[in-house]
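Colleague: Generate coordinates for the sequence data below:
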Amino acid sequence: MRQDEIGVAPRRRFAALWAWLAAAFAITVWSVTFASTRVLLRDYSSLEIMVLRLVIAWAVLKGARVLGRLRAEGGAPRRAPWRDERLFAGMGLAGIAAYHLLENCAVFYTNASNVAILTSFAPIATAVLAKIVRKDRSFTPAFVVGSAVAICGVAMVSLDGVAELSLHPAGDFMAVASMASWGVYSVLLDTANERGYPQMFVMERAIFWAIVMMAPFVLWGMTGAGGRALDGSFRIVLGIDANVERLMRPENWINIAFLGVMASAASFVFWNHACRVIGVVKVSAWLYLTPVAGVVFAVLMLGERLTVMSAVGGVVTTLGAALAVRKSGDSST
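Modeller: Alright, predicted model coming up:
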């Protein structure tokens, strides 16, 4: 063995372990967002929560990049060529603005269980698009089988306590579109990773463009029609007194800070890093665990009851995700 090869394998194993831990961190945080958002919905509209968390995330990432440049940390560029800005804008549109807006709107037109089940197909959408666009080889029969098992587990968790399953075309279509949007985001992320951009830079630009694209909804939410849309989900309150009153409640600013710093800044950076090291298809398979972790946190944080069906569904989901990841093969092109 050559001298320069000594220690390479341990470093690779450590890099892979760190990447999986980064993905686990992101999934854990995203699972908590359901409970955190539920608290904020008492005083804020869905659009207000989304805008606040993104503005905070952008400010955090921008500040971190400035500090990084001052410390000569990562060599992140101050700006990207317009060709790549279009790439970041696509990420902001697909993975942030469209994904969240479609998912939030879908719950008003269909059952929450339908949304949970349909959006759980996101790893499949990611694998198909990665195979078509990026020639990724992770989309194998074993990946499909593992995904099918995991989706069955997600359905068990999502349908627990549901009296009957019914279809609602408008909302179901929005849920499917939200799922597809995440697949598009993942493929665009793979392209950005291939071009070697630092993750903080990528997410700062993607979130910036997401905020820009949401501006029309914000303006609409300031009007009477927008304020009443979807039970007030697009309402934007600008009054100083009203906003001070809302922020005076500790649970509100704590949850807003959590969603902005942890769920929208740190988690996306960690998730994107895991995708770069391991591959977007393999990492995306662990998204099946998000609703399972959400149930765990609902039991621990909100005092909800854990049922047998949810527990079994969690086990089935975990086994399916593990099979999809273990047997998904080499992702190299």
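Colleague: Pull the number of nearby residues for residue 308.
Modeller: Look at residue 308: counted by other CB atoms under 10 Å, it has 8 neighbours. C-beta here means a position set from N, CA and C on the backbone, and glycine is covered the same way.
Colleague: For it, give its distance to residue 326.
Modeller: Spatial separation of residue 308 from residue 326 under the definition CB to CB, to the nearest Å is 27 Å.
Colleague: now do residue 275
Modeller: Distance from residue 275 to residue 326, by CB to CB: 18 Å.
Colleague: between these two, who's got more neighbours?
Modeller: Higher neighbour count among residue 275 and residue 326: residue 275, with 26 against 13, using other CB under 10 Å.
Colleague: Tell me the secondary structure at the more buried one.
Modeller: Look at residue 275: counting by DSSP: H, G, I helix; E, B strand; the rest coil, its state is helix.
Colleague: Hmm, residue 194 and it touching each other?
Modeller: No - taking contacts as CB atoms under 8 Å, residue 275 lies outside contact range of residue 194: 11.1 Å.
Colleague: Let me see the backbone angles for residue 297.
Modeller: Backbone torsions of residue 297, given as degrees, to the nearest 10, read phi -70, psi -30.
Colleague: can I assume it is in contact with residue 35?
Modeller: Yes - with contact defined as CB under 8 Å, residue 297 reaches residue 35; the gap is 5.7 Å.
Colleague: Next, find the distance separating the closest residue in space to residue 19 that isn't next to it in sequence from residue 319.
Modeller: Counting by CB to CB, 6 or more residues apart in numbering, residue 19 lies nearest to residue 277, which is 3.7 Å off, once chain neighbours are set aside. In this view, residue 277 and residue 319 are 24 Å apart by CB to CB.
Colleague: Same question for residue 119.
Modeller: Counting by CB to CB, the separation of residue 119 from residue 319 is 20 Å.
Colleague: ok, back up a step: neighbours around the residue nearest to residue 19, how many?
Modeller: Neighbourhood size, residue 277 [other CB under 10 Å]: 18.
Colleague: My read is that residue 316 contacts residue 151, right?
Modeller: No - Residue 316 is beyond contact range of residue 151, at 9.6 Å (criterion: CB under 8 Å).
Colleague: Where does pLDDT dip in the protein?
Modeller: 1-9, 69-78, 161-165, 301-302, 327-333 (pLDDT under 70).
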